[in-house]
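Participant: Mind folding the following:
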Amino acid sequence: YRMIRINTTAPLAHSVVENGIVTHATVGTYAGVLVPSGLTSSNYSITYQNGSYSIIGVSQLLVQLDNLTTTYGTTPTYSVAAISYYKSASGGSQVYLNGSFTASGNNITVTDGSYVTTFTLAAASPLYSSSGSLRVGAYGIGATNQSIASGEPNFNSIFVTGAHNVLQKPLTVTGLTGINKTYDGTKAANISGVGLSGKLVGDLVAMGYSSAVYDSKDVGKTRTILVADAALTGTDAANYTFGTFTATGDITQAPLTVTATGKTKTYDATAFTGGNGVTYSGLVNGETSAVLAGTVTYGGISQGAVDAGSYAITPSGLTSANYAITFADGTLTVNKAALTVTAAAAAKTYDGLAYAGGNGVTYAGFIAGQGEAYLGGSLSYGGTSQGAIGAGTYAITPSGLTATNYDLSFVSGTLTVNKAALVATATAASKT
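Facilitator: Numbers count the residues shown, from 1 in each chain. Model (predicted):
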């Protein structure tokens with residue numbers, strides 16, 4: 001008995017032939033001795049696989065099964081294609097019992113005349129998983145629990161042909177959740193809740209992976225997270241396969257503060273414009289301001305400021321998809337210009353009168369084009385000069401002036417009271 005099966009629906013030319021001469025004649029199974037060839041096709045590149053055949057003894061019941069392919073975890077039910085034995089009497093012939101057997105699942109009952117034989121079909125040399133299921137692999141099929149009727153004249157053993165292939169069971173990855181993160185300039189991702197749906201109770205299998213990364217480092221919602229080296233682990237992992245192993249997560253903007261750098265100047269009667277640069281707090285992963293779009297511009301009450309005082313320098317103009325930008329003001333400080341007010345010196349000759357007032361002042365420090373009109377208050381004098389009568393030197397101390405844009409320093413002048421000239425004349429005298 002031998003059988004060749006070609007798995008294709010493509011149009012083929014010629015016919016299958018056996019390449020070589022089969023010389024085996026004794027009972028046994030001969031692997032790879034049937035050599036097909038001769039097929040051609042314009043649409044297929046044909047690969048041949050050698051076939052095998054078995055020679056069984058005349059005293060065996062031959063049970064021919066359809067090959068079966070099942071998914072791991074599925075209970076197999078084998079289908080009997082033919083049951084026969086070889087009857088050597090009267091020149092020898094093969095007797096088929098196809099109408100003389102019944103099947104209840106994998107339990108087979110064969111009636112040969114008045115003789116009844118029972119057996120159970122099962123995978124030969126089976127390997128089982130932790131859950132007690134037939135492991136993935138290729139198996140032959142054998143007859144177990146054999147009960148051959150006593151006195152059966154035509155056979156004394158059972159030979160089963162057929163193959164059973166167990167394929168991996170697909171699992172569904174469940175509960176896979178990407179952990180949202182704030183933009184950090186990298187694709188690094190974290191996932192949680194990895195579960196498996198579809199595994200058999202009792203099997204030892206889990207999901208493992210080496211790393212997870214976003215498909216982009218940039219901010220976005222429901223970004224795809226790619227999982228590297230995803231694989232099933234555990235004693236029973238080889239019995240399963242899995243499909244897509246991806247997750248999604250959000251990358252949200254990182255906070256970035258852009259602060260205007262402060263500026264200090266001395267009053268110079270010119271309007272301030274622009275700024276003094278900015279500093280950044282929050283750039284990640286070595287990034288610089290080069291990743292930002294737009295151009296820094298400056299506003300706030302500092303723009304056009306002239307007088308001494310403090311003013312806000314307000315930055316703006318920058319944008320970014322990856323950063324949530326907050327702009328912080330800097331301070332423009334306009335300091336007062338130094339202005340020295342010096343009392344003019346005065347001199348008088350002692351006249352017995354008390355001195356009052358002063359002799360005017362001079363200024364040092366006015367911005368070009370400015371003068372006394374930019375001062376407030378009223379000039380007054382003090383110091384030791386006020387009320388001075390006697391000859392000597394006295395301080396004339398100016399005060400009373402104010403200014404918005406000048407820091408006034410008052411410098412005393414000197415009152416000099418010179419002695420008056422006095423002529424002493426001797427009075428004439430006479431005597432007798």
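
Participant: bridging residues for Ile55?
Facilitator: Counting by DSSP bridges, Ile55 forms beta bridges with Gly28.

Participant: Please read the previous query as pertaining to Ser37.
Facilitator: Val17.

Participant: now swap in Ser281 and tell me
Facilitator: Bridge pairing for Ser281 - DSSP bridges - gives Thr257.

Participant: ok, it - how many residues close by?
Facilitator: The tally of other residues near Ser281 (other C-beta atoms under 10 Å) stands at 11. For glycine as for every other residue, the C-beta is placed from the backbone atoms N, C-alpha and C.

Participant: Kindly report the same for Asp215.
Facilitator: For Asp215, the neighbour count with other C-beta under 10 Å is 14.

Participant: Could you list the low-confidence segments of this structure?
Facilitator: Filtered on pLDDT under 70, the chain yields the residue ranges 1-28, 52-54, 56-57, 88-92.

Participant: And the helices in it, which stretches?
Facilitator: Taking DSSP state H, the chain contains no helices at all.

Participant: mind checking how far stretch 119-137 is from the chain centre?
Facilitator: Distance of stretch 119-137 from its chain centroid, counting by C-alpha atoms, centre = their mean, to the nearest Å, is 45 Å.

Participant: Now it - C-alpha only, CSV.
Facilitator: Provided in CSV are the C-alpha atoms of stretch 119-137 (Å, rounded to 0.1, in the frame of the first residue of the first chain):
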residue,chain,number,x,y,z
PHE,A,119,-9.8,-0.1,19.2
THR,A,120,-9.3,3.6,19.9
LEU,A,121,-7.4,5.9,17.6
ALA,A,122,-4.8,8.2,19.2
ALA,A,123,-1.6,10.0,18.5
ALA,A,124,1.4,7.8,18.5
SER,A,125,4.1,8.7,21.0
PRO,A,126,2.2,11.7,22.2
LEU,A,127,3.7,14.6,24.1
TYR,A,128,1.5,16.6,26.4
SER,A,129,1.6,20.2,27.8
SER,A,130,1.0,21.4,31.3
SER,A,131,-2.7,21.6,30.6
GLY,A,132,-2.7,17.9,29.4
SER,A,133,-3.2,18.9,25.7
LEU,A,134,-1.3,17.3,22.8
ARG,A,135,1.7,19.5,22.2
VAL,A,136,2.3,21.2,18.9
GLY,A,137,4.1,18.9,16.4
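
Participant: in the sheet, who's paired with the residue nearest to Gln146 when sequence neighbours are not counted?
Facilitator: Using C-beta to C-beta, 6 or more residues apart in numbering and skipping the chain neighbours, the partner closest in space to Gln146 is Phe119 (4.6 Å). When bridges are called by DSSP bridges, Phe119 pairs up with Ile108.

Participant: close enough to count as contact, Phe119 and Ser147?
Facilitator: Yes. If you go by C-beta atoms under 8 Å, Phe119 and Ser147 touch, sitting 6.9 Å apart.

Participant: List the contacts of the residue nearest to Gln146.
Facilitator: Asn107, Ile108, Val110, Ala143, Thr144, Asn145, Gln146, Ser147, Ile158 (C-beta atoms under 8 Å, 6 or more residues apart in numbering).

Participant: Filter the residues you listed down to the ones in strands?
Facilitator: Counting by DSSP state E, the part of these found in strands is Asn107, Ile108, Val110, Ala143, Thr144, Asn145, Gln146, Ser147, Ile158.

Participant: Out of those, grab the one that's most surrounded.
Facilitator: Val110 (24 neighbours).

Participant: circling back to that earlier point, could you check how far the residue nearest to Gln146 is from Ile148?
Facilitator: Here the criterion is C-beta to C-beta, to the nearest Å. By it, Phe119 lies 8 Å from Ile148.

Participant: Can you name the residues that contact Asn154?
Facilitator: Here Asn154 is in contact with Ser59, Leu61, Tyr85, Lys87, Val95, Asp112 (criterion: C-beta under 8 Å, 6+ apart).

Participant: Go again with 10 Å.
Facilitator: By C-beta atoms under 10 Å, 6 or more residues apart in numbering, the contact list for Asn154 reads 58-61, 85-89, 95, 97, 112-113, 115, 117.

Participant: what two of the contacts of Phe119 are the furthest from one another?
Facilitator: The distance between the two most remote of the contacts of Phe119 (C-beta to C-beta) is 14.7 Å, for Val110 and Thr144.

Participant: before we move on, back to that, now flag whichever of the ones in strands among the contacts of Phe119 is closest to Val227.
Facilitator: Comparing the ones in strands among the contacts of Phe119 against Val227 with C-beta to C-beta places Thr144 closest, at 44.0 Å.

Participant: what's the spacing between the nearest residue to Asp407 once chain neighbours are set aside and Ser130?
Facilitator: Leaving aside its sequence neighbours, Asp407 sits nearest to Lys336 (C-beta to C-beta, 6+ apart; 4.0 Å). Applying C-beta to C-beta, the value for Lys336 to Ser130 is 88 Å.

Participant: Same check on Gly113?
Facilitator: According to C-beta to C-beta, Gly113 stands 46 Å off from Ser130.

Participant: out of these two, which sits in the more crowded spot?
Facilitator: Under the criterion of other C-beta under 10 Å, the comparison of Gly113 against Ser130 puts Ser130 first, with 16 against 11.

Participant: The more buried one: what's it in contact with?
Facilitator: Residues near Ser130 by C-beta under 10 Å, 6+ apart: Leu200, Val201, Gly202, Asp203, Leu204, Val205, Gly234, Thr235, Asp236, Asn239.

Participant: related to what we said a few turns ago, which among the ones in strands among the contacts of Phe119 gets closest to Tyr323?
Facilitator: Among the ones in strands among the contacts of Phe119, and counting by C-beta to C-beta, the member closest to Tyr323 is Thr144, at 71.4 Å.

Participant: give the contact list for that closest one.
Facilitator: Thr144 makes contacts with Asn106, Phe119, Thr120, Leu121, Ala122, Ala123, Ala124, Ile158, Val160, as judged by C-beta under 10 Å, 6+ apart.

Participant: just to revisit the earlier point, do you know how far the residue nearest to Asp407 is from Thr342?
Facilitator: In terms of C-beta to C-beta, Lys336 sits 18 Å off from Thr342.

Participant: could you dump the contacts of Thr144 to CSV with distance to Ile313?
Facilitator: Listed next are those as CSV, based on distance: C-beta to C-beta, whole Å:
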residue, distance to Ile313
Asn106, 89
Phe119, 97
Thr120, 92
Leu121, 90
Ala122, 88
Ala123, 84
Ala124, 88
Ile158, 99
Val160, 93
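
Participant: Between which two of those residues is the distance greatest?
Facilitator: Ala123 and Ile158 (15.3 Å).

Participant: Can you check which residues contact both of Phe119 and Ile148?
Facilitator: Leu61, Val110, Ile158.

Participant: and Thr261, how many neighbours does it have?
Facilitator: The tally of other residues near Thr261 (other C-beta under 10 Å) stands at 13.
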